[in-house]
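Colleague: The following comprises the amino acid sequence and a computationally predicted model.
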Amino acid sequence: MKARLLRLVRWLAFPSLYVVALLAFFYLCLPTKQLAARIEAEFAQRDGRARGPGEPGMTLEIGELDTYWFSGLELTKVVLTVPPRVPKGKGGLASLGVSASSAGAPAPSVVTIDRLTARVRILPLLLGRVTLDFRVEAFGGTVVGTAPYGSRGDFEAEGTGIQLGRIEPLAAMLQELPLSGVLHGKFSLAPEDGKFRKASGKLELGIEDVVLGDGKAKLMGVALPAAQLGHVAVVAKAEKGLLSIEELSAHGRDFEFSGEGKLQLQESWKRTTADVFLEFKFADGYRDTDDATRGLLGKPGQNYKPALELDPSGTFKKAKTDNDFYRFHVSGRLERLDVQPAGELTGKKKKTPPPAKGASGVLGPKAAPKGADADNAADSFNATDGAASPGTEARERGARGIERVDSPAAAPTPAVPSTPPAPTPTPTPPAPTPELRDAPAARDAASDGNSGPEGRGSPDGTPEG
């Protein structure tokens with residue numbers, strides 16, 4: 001029994017020792033320089049296939065590559081160079097008159113990663129799934145999370161202490177308009193069938209102490225002082241690959257900002273498309289900072305249009321809304337966003353239906369009141385004209401008719417003419433008497449000043465008939 005057990009141990013020990021020795025020597029003798037060169041070449045090849053012919057691509061340089069724990073790699077001093085984008089036609093922030101503080105051709109954006117570690121999880125690997133744990137130290141902060149590689153799995157990332165002012169591609173996207181702040185937040189996605197374009201998840205970001213501008217960047221040729229945005233909150237939820245923005249707002253001392261819209265996720269972030277509306281306005285205190293802000297943005301309390309809205313292109317004039325915000329539509333792929341004015345009315349006033357034709361004649365020169373006061377107004381009108389007349393009832397019906405016109409649920413009632421209706425003719429008696437036959441003569445006599453019993457005259461000489 002013992003001999004058989006020893007024989008089995010020998011058969012298992014030698015292969016196990018071989019595997020352990022192989023992995024140990026591979027780990028210790030890994031050609032890190034050749035591996036770094038291979039990663040750089042693979043990156044350039046994939047980026048070149050994603051771009052058009054003759055279009056400059058991104059370049060990746062790895063300062064140093066080393067092993068990390070047992071199943072990971074560590075990269076330090078990684079430099080990613082992003083070429084400048086040349087806008088085709090109109091669009092982007094350049095169409096809004098935003099220009100950099102320094103003149104000249106746009107320079108490439110450089111992203112520097114101080115340290116990057118990635119390690120393969122052992123337990124998911126035994127189940128045939130490759131899941132990476134990563135940690136990135138860049139832009140003054142850190143990002144940690146997990147991501148699937150070539151297999152199904154969820155993506156999770158959490159960032160803290162990221163300095164927006166150190167992200168050069170963001171500055172290039174804003175036409176070199178300086179933006180500073182400290183970002184922290186979480187982002188999670190659960191792809192369906194391994195496809196991120198059908199993923200569900202949530203995004204929660206907060207940016208503290210946000211400042212836009214530096215006093216040198218120009219808007220339509222005018223250098224504006226830095227604007228304090230304060231805290232910026234971003235909350236979005238993804239379902240079936242559609243990331244809907246639930247909150248995007250900032251209410252700072254100098255600047256008020258809000259947004260809404262959606263992003264359609266794709267397998268590549270560059271192909272992700274945006275359909276977002278952004279609106280903003282400058283606070284009255286910021287507009288009244290100096291002569292430059294008063295001339296460009298308009299002095300508070302004055303009705304003349306600011307120079308910002310007198311631009312020949314009409315960009316900001318088209319972006320102006322009825323609540324004094326400037327509204328823009330941001331659309332297209334994330335790698336080449338298009339910004340266009342979208343200042344349609346956001347709070348259209350409801351128009352009151354006009355009164356029926358002739359209704360103003362019912363109440364004469366007085367305005368026709370609405371609701372329950374219509375009857376009282378009609379009574380007060382009749383009281384000013386003296387005793388009740390044959391047209392009083394018609395006027396009351398006309399006032400009630402105006403009330404029904406103002407109510408949207410009732411059909412309009414035709415207005416009653418302002419003149420009273422003609423009196424109904426007196427019916428002719430069936431058989432005239434001799435006294436009635438002499439009535440014309442009596443009336444003629446009464447008109448000459450003679451009154452008598454034949455003419456039925458009144459004591460003052462005026463015939464009753």
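Modeller: Perfect, thanks for sending it. Numbers count the residues shown, from 1 in each chain.
Colleague: Which is the succeeding secondary structure element to the host helix or strand of residue 277?
Modeller: Assigned by DSSP states H and E, residue 277 falls within strand 273-282. Using DSSP H and E, the next helix or strand after strand 273-282 towards the C-terminus is helix 284-287.
Colleague: Need the residues that contact that following helix.
Modeller: 225, 227, 253, 254, 255, 293, 294, 297, 298, 299, 300 (CB atoms under 8 Å, 6 or more residues apart in numbering). Glycine gets a C-beta too; all of them are placed from N, C-alpha and C.
Colleague: Could you list the buried residues of whatever helix or strand comes next after it?
Modeller: Later in the chain than helix 284-287, the nearest helix or strand by DSSP H and E is helix 291-297. For helix 291-297, burial by neighbour count (16 or more other CB atoms under 10 Å) applies to 293, 294, 296, 297.
Colleague: ok, the nearest residue to the last one once chain neighbours are set aside to residue 259 distance?
Modeller: Distances taken as CB to CB, 6 or more residues apart in numbering place residue 287 nearest to residue 297, at 4.4 Å, with adjacent residues excluded. Distance, residue 287 to residue 259, using CB to CB, to the nearest Å: 22 Å.
Colleague: now swap in residue 225 and tell me
Modeller: In terms of CB to CB, residue 225 sits 24 Å off from residue 259.
Colleague: more crowded one of the two?
Modeller: residue 259 (18 against 15; other CB atoms under 10 Å).
Colleague: and that one, that one's in a strand?
Modeller: Yes: assessed with DSSP: H, G, I helix; E, B strand; the rest coil, residue 259 lies in a strand.
Colleague: Hmm, it is touching residue 248, no?
Modeller: Yes: counting by CB atoms under 8 Å, residue 259 touches residue 248, with 3.8 Å between them.
Colleague: what's the overlap in contacts for the two?
Modeller: residue 278.
Colleague: and the longest strand for this structure?
Modeller: Identified as the longest strand of the chain according to DSSP state E is strand 195-212.
Colleague: and that strand, what other elements does it pack with?
Modeller: Under the contact definition 3 or more CB pairs under 8 Å, 6 or more residues apart in numbering; DSSP states H and E, strand 195-212 sits against strand 155-163, strand 179-192, strand 227-239.
Colleague: CA atoms of the shortest one as CSV?
Modeller: As requested, C-alpha coordinates have been extracted for strand 155-163 and formatted as CSV (Å, rounded to 0.1, in the frame of the first residue of the first chain):
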residue,chain,number,x,y,z
PHE,A,155,-17.4,46.7,-15.8
GLU,A,156,-16.9,48.8,-12.6
ALA,A,157,-14.7,51.8,-12.0
GLU,A,158,-14.4,54.4,-9.2
GLY,A,159,-12.3,57.5,-9.4
THR,A,160,-11.1,60.0,-6.7
GLY,A,161,-9.1,63.2,-6.8
ILE,A,162,-8.9,63.6,-10.6
GLN,A,163,-7.8,67.1,-11.6
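Colleague: Which residues belonging to that strand are considered buried?
Modeller: The neighbour-count check on strand 155-163 (16+ other CB under 10 Å) flags 155, 157, 159, 162 as buried.
Colleague: Just checking: what are the partner strands of it?
Modeller: Paired with strand 155-163 in the same sheet, following DSSP bridges, are strand 141-148 (antiparallel), strand 179-192 (antiparallel).
Colleague: tilt between it and strand 195-212?
Modeller: Computed with axes from the mean of the first three to the mean of the last three CA atoms, to 10 degrees, the direction of strand 155-163 lies at 10 degrees from that of strand 195-212.
Colleague: so which helix or strand takes in the nearest residue to residue 32 once chain neighbours are set aside?
Modeller: Leaving out its chain neighbours, the residue that sits closest to residue 32 by CB to CB, 6+ apart is residue 65, at 4.5 Å. Taking DSSP H and E as the definition, one finds residue 65 inside strand 59-68.
Colleague: Please apply the same query to residue 36.
Modeller: Using DSSP H and E, the element containing residue 36 is helix 32-49.
Colleague: Dump the buried residues of strand 155-163 to JSON lines, plus pLDDT and distance to residue 315.
Modeller: Shown next, in JSON lines, are the buried residues of strand 155-163 (pLDDT from 0 to 100; distance: CB to CB, whole Å):
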{"residue": "155", "pLDDT": "93", "distance to residue 315": "38"}
{"residue": "157", "pLDDT": "96", "distance to residue 315": "36"}
{"residue": "159", "pLDDT": "96", "distance to residue 315": "34"}
{"residue": "162", "pLDDT": "96", "distance to residue 315": "31"}
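Colleague: What is the least confident helix or strand in this structure?
Modeller: Across the helices and strands of the chain, mean confidence by mean pLDDT, DSSP states H and E is lowest for helix 359-362: a mean of 38.
Colleague: and residue 272, how many neighbours does it have?
Modeller: Neighbours of residue 272 (other CB under 10 Å): 18.
Colleague: whoops, residue 126 was the one
Modeller: Residue 126, neighbours per other CB under 10 Å, totals 8.
Colleague: What is the nearest of the contacts of helix 284-287 to residue 278?
Modeller: Proximity of the contacts of helix 284-287 to residue 278 (CB to CB) peaks at residue 255, which lies at 12.2 Å.
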